[in-house]
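**Student:** Okay, here's the prediction I keep looking at, along with the sequence it came from:
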Amino acid sequence: MAKFLVNRLVQGMLVILGVTLVVFVATRLVGDPVQMMLPLSASAEQRAAFSQELGLDQPIGTQFLSFAADLLRFDFGDSLWQRRPALDIVLAKLPKTLQLIAAGFGFAVAFGIPLGALAAVRPDGLLDRIIVSVSLIGLSVPQFWLGLILVMVFAVNLGLFPTSGSGSLAHIVLPAVTLGIPSMARIMMLTRSSVIAELNQQYVRTARARGLPFRRILFGHTMRNILVPVLTLTGWEVISAWAGYTVVVETVFAWPGLGMTAMNAINHSDMFLLQAIVFVVAVGIVLVSILLDALYKLIDPRIDLA
């Protein structure tokens, strides 16, 4: 397993490098930071001097070599917008996004797995129909619209939670629920279908014929056997949120995380800050993927990671 994880880490480093280089090219093809940062009244000499200061007057090959050398030192330059080291800004915003993801997927898992299992106990029953209907609504509603509805009902009309920002436990409730509901719905449906399939297996019928309590069968055997697919889906949901879903939620609730920072970097054509954000996001995706592989082996030692 150690050899496999080392190989995955090497592959992940190559992925991080590839993604970062793609962003390097893209940020130089889309938008002109010189035009964005200087006023319209700036002279041609001022624009040329600023372009030289940023190194944008050099050929693309020279810029790439300079970028690669800085990347080895984890130096992404200073943010054009905030005039601070770009990586420092990203690392300062990172805990807020991690808090949001942890709260959102804690909510999704805490409700998705039990409700999915309850729905599977009596398929096509009243509880199953209610749970399936709720999950379908959760999958159908756009996140930005869901967030606005939650703000209108629970923040504006009822006054139970703040409308935006961060600073207390109450601030994270609505953003976490907004982020977690679509994932909860998918986890719920997968758990339901997986439990139904497991309950129809021969070992379950044999155990029930021997008089083993149904609760013990469900929680001692069936739920353990569905952990791998549920873990796979949850990991994918975390990666998807980390790679972009949080942008919508953070924008709606003005949550000061990486998503809001990425939007501001794009609006200001801040290519150095954007490169640092993509680098940190790519590192996070690789680490989550490696962690999932390790958890697979811990859950089921029979899984071959070679």
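**Tutor:** Alright, I've got the coordinates. Numbers count the residues shown, from 1 in each chain.
**Student:** What is the burial count for residue 137?
**Tutor:** The local packing of residue 137 (other Cβ atoms under 10 Å) involves 12 other residues. C-beta here means a position set from N, CA and C on the backbone, and glycine is covered the same way.
**Student:** What strand or helix carries it?
**Tutor:** helix 126-140 (DSSP states H and E).
**Student:** So which bits of that helix are buried?
**Tutor:** Neighbour counts over helix 126-140 (16 or more other Cβ atoms under 10 Å) mark 128, 131-132, 134-135, 138 as buried.
**Student:** can you put the residues you listed in TSV and add distance to residue 165 and pLDDT?
**Tutor:** Compiled in TSV, those are given as follows (distance: Cβ to Cβ, whole Å; pLDDT from 0 to 100):
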residue	distance to residue 165	pLDDT
128	39	86
131	33	89
132	36	88
134	29	87
135	30	88
138	25	86
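**Student:** helices and strands around the helix holding residue 137, which ones?
**Tutor:** Applying 3 or more Cβ pairs under 8 Å, 6 or more residues apart in numbering; DSSP states H and E, one finds that helix 126-140 contacts helix 86-121, helix 169-199.
**Student:** Packed most tightly, which of those would that be?
**Tutor:** For these, average neighbour numbers computed from mean count of other Cβ atoms under 10 Å are highest in helix 169-199, which has a mean of 22.
**Student:** after it, next one along is what?
**Tutor:** Next helix or strand after helix 169-199 toward the C-terminus (DSSP H and E): helix 202-209.
**Student:** Now do the contacts for the closest residue in space to residue 137 that isn't next to it in sequence.
**Tutor:** Counting by Cβ to Cβ, 6 or more residues apart in numbering, the nearest residue to residue 137 once its immediate chain neighbours are dropped is residue 185, at 7.8 Å. Neighbouring residues of residue 185 by Cβ atoms under 8 Å, 6 or more residues apart in numbering: 112, 134-139.
**Student:** Can you convert those into JSON lines and add a column each for distance to residue 6?
**Tutor:** Converted to JSON lines, those look like this (distance: Cβ to Cβ, whole Å):
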{"residue": "112", "distance to residue 6": "33"}
{"residue": "134", "distance to residue 6": "43"}
{"residue": "135", "distance to residue 6": "39"}
{"residue": "136", "distance to residue 6": "43"}
{"residue": "137", "distance to residue 6": "44"}
{"residue": "138", "distance to residue 6": "39"}
{"residue": "139", "distance to residue 6": "38"}
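**Student:** Nearest to residue 21 among these?
**Tutor:** residue 139 (35.4 Å; Cβ to Cβ).
**Student:** show me what contacts residue 264?
**Tutor:** Counting by Cβ under 8 Å, 6+ apart, residue 264 makes contact with 81, 270.
**Student:** Can you tell me how far the residue located most distally from the centre of the chain is from residue 70?
**Tutor:** Most distant residue from the mean C-alpha position of the chain: residue 210, 44.8 Å away (Cα atoms, centre = their mean). For residue 210, the distance to residue 70 equals 66 Å [Cβ to Cβ, to the nearest Å].
**Student:** same thing with residue 115?
**Tutor:** Distance, residue 115 to residue 70, using Cβ to Cβ: 49 Å.
**Student:** Check residue 102 too.
**Tutor:** For residue 102, the distance to residue 70 equals 31 Å [Cβ to Cβ].
**Student:** hang on, the earlier thing: can you redo the helices and strands packed on helix 126-140 as JSON lines with distance to residue 156 and mean pLDDT?
**Tutor:** Supplementary listing: these in JSON lines, determined by distance: least, Cβ to Cβ, whole Å; pLDDT from 0 to 100:
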{"stretch": "helix 86-121", "distance to residue 156": "21", "mean pLDDT": "90"}
{"stretch": "helix 169-199", "distance to residue 156": "11", "mean pLDDT": "90"}
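**Student:** okay if I get those helices as a markdown table plus distance to residue 3?
**Tutor:** Formatted as a markdown table, the helices and strands packed on helix 126-140 follow (distance: least, Cβ to Cβ, whole Å):
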| stretch | distance to residue 3 |
| --- | --- |
| helix 86-121 | 30 |
| helix 169-199 | 31 |
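**Student:** Can you check which of the ones you listed gets nearest to residue 275?
**Tutor:** Among the helices and strands packed on helix 126-140, the nearest to residue 275 by Cβ to Cβ is helix 86-121 (7.1 Å).
**Student:** Taking helix 126-140 as reference, get the angle to that closest one.
**Tutor:** Helix 86-121 runs at 150 degrees relative to helix 126-140, counting by axes from the mean of the first three to the mean of the last three Cα atoms, to 10 degrees.
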